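Novice: just coords:
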Ligand SMILES: Nc1ncnc2c1ncn2[C@@H]1O[C@H](COP(=O)(O)OP(=O)(O)OP(=O)(O)O)[C@@H](O)[C@H]1O
């Protein structure tokens, strides 16, 4: 690029910045002023309104004034919000107004338009010419999708063809052009090189300036009901997902608000990790939750669902303990399609037989027995769905309770309680009664007037019998108080013995088969039954049972739905079972779903293969409504690290490293833990001295993490943080973290605490080691105190360095 280009670009930048500055200055008083005005109106709202209800006309007038005042206020506030948004977006643009430029000639015209692209649009004073185009505008997609040459883009009005004659990237900081590249490839590598070479942050960054073509397809996909992204570790799935949220909020700004988008994230810490990306792009954050939060909410009251991390910890640390194999079989089975189908059959079976109810009791007396409910329930039309019949039974129970309540009024226990009422209760009833008396007087008055008008006399002239009324009222209040919780529990379906309904699936193999239309069971079924029942007896549920339990609950109580949500994002999607997907689909009937994941990192037993043709996920909404995108280029790690990690995975050859160089992963074998710990501490110090700030010692389990943390502290690692499942915020610095909590995040340097065959031996731990290693951006170092894990031993020797002993 020659000096003339630089000169022109500098001048243009100066010009745009001047315009931004003057517009900001122009808006400033308005933004501040409108705010004051609105605040002032709010403050004086009631001063302007005189409440007068003396006559109907006065009342009407008051009503209109209030309405008028609030309309003025609402208008001012709307205006203020809009101006503030503009003002904020200009302030955001000012230090770095744009990052890209394309020159585009539309087919059939001679005009070559210069399009500058930034995080939001900015119009010239004429209100028509774009000085900056928002990166989400249709034309801006050219920048991400093409290199110079023929290039087309889609608009709501159809496809536009033309030629891209120039593509330029800028790095602008604090109002100055730091760098400028003319790209021949789609989004040239130079800028990406620079971006990726930087250090890891405690917060994820937006990738708006360097979105890659295949990522752009994910961001802008607007047609599919289900978008599945299978992407290698570090291929930008999470980054693309967040950019997609920003895109959707922009494109559908009239209809979709940030709180109508929900992201299911792998752990609470992850939520804080990604929380700054959208605000950086000028958008509000979507809702974030974890599946566990959801389970706790719906089940937590009666049964405590186990945490997925506790399940994981068990799988990793309980080998060799009694029942281990059975539990593993149970975990796999309970996440399977086969179990989902078995439960559907079970639902049908319950429609004919086997519903379990809990009798309704009052003071050790059975008011309505479970048998009576059973008879009533199976007396309903059997062609009605299970849930509808449960609702019929619920209505019947409420009626029964109302009539029983009336009958109880004269019962001896009521009499007895009457005598023992304390002063407060008495005073309360007395107060109500006096209010009632006024009403009673009024009613009396009204009746006598009406009778007089109708020329009819009442049979009986009764005075307000205060004492009698008082007693009747006290009785009613006593009985009502006792029946209130009964009614409440009927309304909440507590008359269904849900634990028994779910538990009877685990009585015996023969019973299970009979109730599920002959479903096959895993070989260790009787032990699985024992474990499941034992857990439920302690009012707990295994993690693998939680979603199936909820599923059965909804078969009975009806499906819970949230129709507000329009987009559901599931990150680390390989870690969810078919069950969970089935569940999410029902829960959000009006939402489109975006699932991002990597089967290479499927470390949970309930994993779902995202991209397989027979994947549950593809079937969820049907193939025609599903779009599958694969990302194979890995951006996080250096070429050397990607070459090392991909060799661990069968089929890993398809993963393409981005060409950023660094040292090969370093393998250090030491005899004894003491030596290893001392070496790790020394290596951390050396990495820090090199300028790396985020360093993670990654362990396999939480138990190992605690031990490692304690041991490393003894060797001088006092400032090492210990990350546990309770950690909510991700901080910069050096830390010790179990691999399953490090999912989705990244570090400058990763030190795998113990990569021996004892630590990562069985096949199912391959992905665990892979996940740990792929967290590294610039440096990867593995340690072992015994033989190397078979997954390391199998690697070609030219992919790593061995540290001198
Ligand atoms: N187009 C891009 N431009 C700049 N950086 C990018 C781009 N795509 C990805 N990255 C960077 O690569 C790293 C990995 O991205 P991200 O965490 O989104 O990947 P992921 O696919 O979700 O990874 P994982 O599955 O391993 O959690 C991040 O530092 C991100 O900023």
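Specialist: Okay, I see it. It should be emphasised that the depicted structure is a prediction, and the values quoted were computed from it without experimental measurement.
Novice: now stretch 273-285: buried residues?
Specialist: Buried residues in stretch 273-285, counted by 16 or more other Cβ atoms under 10 Å: 273-278, 280-283, 285. From N, CA and C alone the C-beta is placed, and that goes for glycine too.
Novice: among those residues, name the ones in helices.
Specialist: Residues of the buried residues of stretch 273-285 located in helices (DSSP state H): 273, 277-278, 280.
Novice: need the residues you listed in JSON lines (columns: pLDDT and distance to residue 233).
Specialist: Below are those laid out as JSON lines (pLDDT from 0 to 100; distance: Cβ to Cβ, whole Å):
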{"residue": "273", "pLDDT": "86", "distance to residue 233": "16"}
{"residue": "277", "pLDDT": "89", "distance to residue 233": "19"}
{"residue": "278", "pLDDT": "92", "distance to residue 233": "23"}
{"residue": "280", "pLDDT": "87", "distance to residue 233": "24"}
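Novice: before we move on, back to that, a markdown table for the buried residues of stretch 273-285, including distance to residue 338?
Specialist: Formatted as a markdown table, the buried residues of stretch 273-285 follow (distance: Cβ to Cβ, whole Å):
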| residue | distance to residue 338 |
| --- | --- |
| 273 | 36 |
| 274 | 35 |
| 275 | 39 |
| 276 | 43 |
| 277 | 39 |
| 278 | 40 |
| 280 | 45 |
| 281 | 43 |
| 282 | 47 |
| 283 | 42 |
| 285 | 39 |
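Novice: pull up the residues of the stretch 201-350 of the chain that are close to the ligand.
Specialist: Contact residues, the stretch 201-350 of the chain versus the ligand (Cβ under 6 Å from any ligand atom): 205, 207, 210-212, 215, 231, 233-239.
Novice: let's see it at 8 Å
Specialist: Residues of the stretch 201-350 of the chain lying close to the ligand (Cβ under 8 Å from any ligand atom) are 204-205, 207, 209-212, 215, 231-241.
Novice: try the stretch 551-700 of the chain
Specialist: Selection of the stretch 551-700 of the chain residues close to the ligand by Cβ under 8 Å from any ligand atom yields 571-572, 596-598, 601, 631, 634-636.
Novice: from those residues, pick the one nearest residue 18.
Specialist: Each of these was scored against residue 18 by Cβ to Cβ, and residue 635 proved nearest at 36.1 Å.
Novice: for that closest one, give me its contacts.
Specialist: For residue 635, the contact set (Cβ atoms under 8 Å, 6 or more residues apart in numbering) comprises 192, 196, 234-236, 658.
Novice: name the SS class of the residue of the stretch 701-805 of the chain found nearest the ligand, please.
Specialist: When scored by Cβ to the nearest ligand atom, the stretch 701-805 of the chain has residue 744 as its residue closest to the ligand, at 4.2 Å. Counting by DSSP: H, G, I helix; E, B strand; the rest coil, the backbone at residue 744 sits in coil.
Novice: now do residue 325 against the ligand, distance only.
Specialist: Using Cβ to the nearest ligand atom, to the nearest Å, residue 325 is found at 30 Å from the ligand.
Novice: and if you look at residue 316?
Specialist: The gap separating residue 316 from the ligand is 20 Å, by Cβ to the nearest ligand atom.
Novice: again with residue 189
Specialist: Distance from residue 189 to the ligand, by Cβ to the nearest ligand atom: 11 Å.
Novice: which ones are touching the closest residue to that residue other than its chain neighbours?
Specialist: Spatial nearest neighbour of residue 189, excluding adjacent residues (Cβ to Cβ, 6 or more residues apart in numbering): residue 659 at 7.0 Å. Counting by Cβ under 8 Å, 6+ apart, residue 659 touches 189, 193, 639.
Novice: would CSV of the residues you listed with neighbour count be doable?
Specialist: As requested, those are exported to CSV (neighbours: other Cβ atoms under 10 Å):
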residue, neighbour count
189, 16
193, 14
639, 16
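Novice: of the contacts of residue 635, select the buried ones using a ChimeraX command.
Specialist: Command for ChimeraX, covering only those of those found buried under the criterion 16+ other Cβ under 10 Å:
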select :192,196,234,235,236,658
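Novice: how many residues are close by the residue of the stretch 51-200 of the chain found nearest the ligand?
Specialist: Nearest residue of the stretch 51-200 of the chain to the ligand: residue 195, at 4.8 Å (Cβ to the nearest ligand atom). As a burial measure, residue 195 scores 15 neighbours (other Cβ atoms under 10 Å).
Novice: excluding chain neighbours, what is closest to it?
Specialist: Nearest residue to residue 195, sequence neighbours excluded (Cβ to Cβ, 6+ apart): residue 210, at 5.7 Å.
Novice: looks like that neighbour contacts residue 194 (just checking).
Specialist: No. The pair residue 210 and residue 194 does not pass the contact test of Cβ atoms under 8 Å, sitting 9.3 Å apart.
Novice: of the two, which one has the most company?
Specialist: Applying other Cβ under 10 Å to residue 210 and residue 194 shows that residue 210 carries more neighbours, namely 23 against 15.
Novice: show me the protein divided up by domain.
Specialist: Under the assignment automatic domain parsing, the domains of the chain span 3-93, 659-802.
Novice: gap between the two ends of the first one?
Specialist: What that stands for is domain 3-93. Domain 3-93 has an end-to-end distance of 25 Å (Cα to Cα, to the nearest Å).
Novice: sec struct for residue 645, please.
Specialist: The three-state label given to residue 645 by three-state DSSP is helix.
Novice: state the pLDDT value of it.
Specialist: Residue 645 is assigned 97 on the pLDDT scale.
Novice: what's the answer for the one 10 residues further on, then?
Specialist: Confidence per residue is given as pLDDT, and for residue 655 that number is 94.
Novice: identify the residues contacting it.
Specialist: Each residue near residue 655 by Cβ under 8 Å, 6+ apart is listed here: 232-233, 632-634, 642, 646, 649.
Novice: with residue 325 instead?
Specialist: Taking Cβ under 8 Å, 6+ apart, we find residue 325 in contact with residue 524.
Novice: which ones among the residues of the stretch 201-350 of the chain next to the ligand are found in strands?
Specialist: Secondary structure from DSSP state E places residue 231 of these in strands.
Novice: name the SS class of the nearest residue to residue 114 once chain neighbours are set aside, please.
Specialist: Of all residues not flanking residue 114 in the chain, residue 103 sits nearest, at 5.5 Å (Cβ to Cβ, 6+ apart). Secondary structure, three-state DSSP: residue 103 is strand.
Novice: now residue 159: phi and psi?
Specialist: Dihedral angles of residue 159 (phi, psi; degrees, to the nearest 10) stand at phi -90, psi 140.
Novice: shared neighbours of residue 210 and residue 194, which are they?
Specialist: With contacts defined as Cβ under 8 Å, 6+ apart, no residue is shared by residue 210 and residue 194.
Novice: ok so, going back, out of the residues of the stretch 201-350 of the chain next to the ligand, which end up buried?
Specialist: Neighbour counting with 16+ other Cβ under 10 Å marks 204, 207, 209-212, 215, 231-241 as buried within these.
Novice: take those residues and keep only those in helices.
Specialist: Among these, the members falling in helices (DSSP H) are 215, 237-241.
Novice: which members of the residues you listed define the maximum pairwise distance?
Specialist: Farthest-apart pair in these is 215 and 238; separation 11.0 Å (Cβ to Cβ).
Novice: hang on, the earlier thing: to residue 155, which of the domains of the chain lies closest?
Specialist: The closest of those to residue 155 is domain 3-93. By Cβ to Cβ, the value is 22.7 Å.
Novice: distance from the chain centre to that closest one, please.
Specialist: Remark: domain 3-93 is offset 34 Å from the chain centroid, using Cα atoms, centre = their mean, to the nearest Å.
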